[in-house]
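fold the following and give me the result.
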Amino acid sequence: MKIIKKILLLLLIAFVIAQFFGPEKNQGDLASINAFLEETNPPEDVKLILKETCYDCHSDFTRYPWYNNITPVNFWLADHIKHGKKHFNVSNWEGNSVKRKDHKFEELIEMVENKDMPLKSYTWTHSDAKLTDEQIKSVVDWAKQVRTKYALMPKPE
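Here you go, the predicted model:
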């Protein structure tokens with residue numbers, strides 16, 4: 001029994017010390033999203049959906065929940081954000097080719113229609129991010145309009 005108490009005490013000490021360390025936060029501002037919004041021109045309802053369900057992981061602006069202050073949860077969240085931005089980052093939209101932008105919207109449509117986005121792990125703690133069928137339709141319709149726009153744009157050779 002003494003060894004179990006010692007192990008638990010060591011784990012508690014390690015947990016407390018770990019609280020002083022954490023990953024770098026994703027602290028850009030909403031202005032980084034302006035180029036994306038201007039180019040894709042989402043209707044107001046879709047803008048709100050994007051803000052509530054996408055920007056935290058797919059932009060340089062993240063609204064962190066209170067539990068982000070707990071290690072190791074903050075490392076888990078940082079990894080989600082890093083992974084999300086790697087696949088679709090609206091904050092660096094200007095740096096992408098038309099072909100890449102079109103492909104990203106193709107993926108967006110597929111992920112939203114299949115209800116793979118937003119992630120279940122995100123909607124557990126952000127219930128307002130659960131998309132209704134009507135919201136899914138709004139996002140998909142907008143994304144298809146954007147893809148039509150990209151299809152009409154000249155592609156560099």
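
and the closest residue to residue 119 other than its chain neighbours, what pLDDT?
Closest residue to residue 119 apart from its sequence neighbours, by Cβ to Cβ, 6 or more residues apart in numbering: residue 80 at 7.5 Å. For the C-beta atoms, the positions are set from N, CA and C on the backbone; glycine is no exception. Listed pLDDT for residue 80 reads 82.

residue 43 versus residue 80, what's the distance?
28 Å (Cβ to Cβ, to the nearest Å).

neighbour count: those two, which is higher?
Neighbour count, other Cβ atoms under 10 Å: between residue 80 and residue 43, residue 80 has more, with 16 against 12.

give me the element that one is part of.
Residue 80 belongs to helix 73-87 when assigned by DSSP states H and E.

list the contacts of that helix.
If you take Cβ atoms under 8 Å, 6 or more residues apart in numbering as the criterion, helix 73-87 is touched by 22-26, 56-60, 62, 64, 67-68, 91, 107, 119, 121-122.

wait, residue 65 touches residue 125, no?
Yes: with contact defined as Cβ atoms under 8 Å, residue 65 counts as touching residue 125 (6.2 Å).

neighbour count: these two, which is higher?
It is residue 65, of residue 65 and residue 125, that has more neighbours when counted by other Cβ under 10 Å, with 12 against 9.

so who does that one touch?
residue 125.
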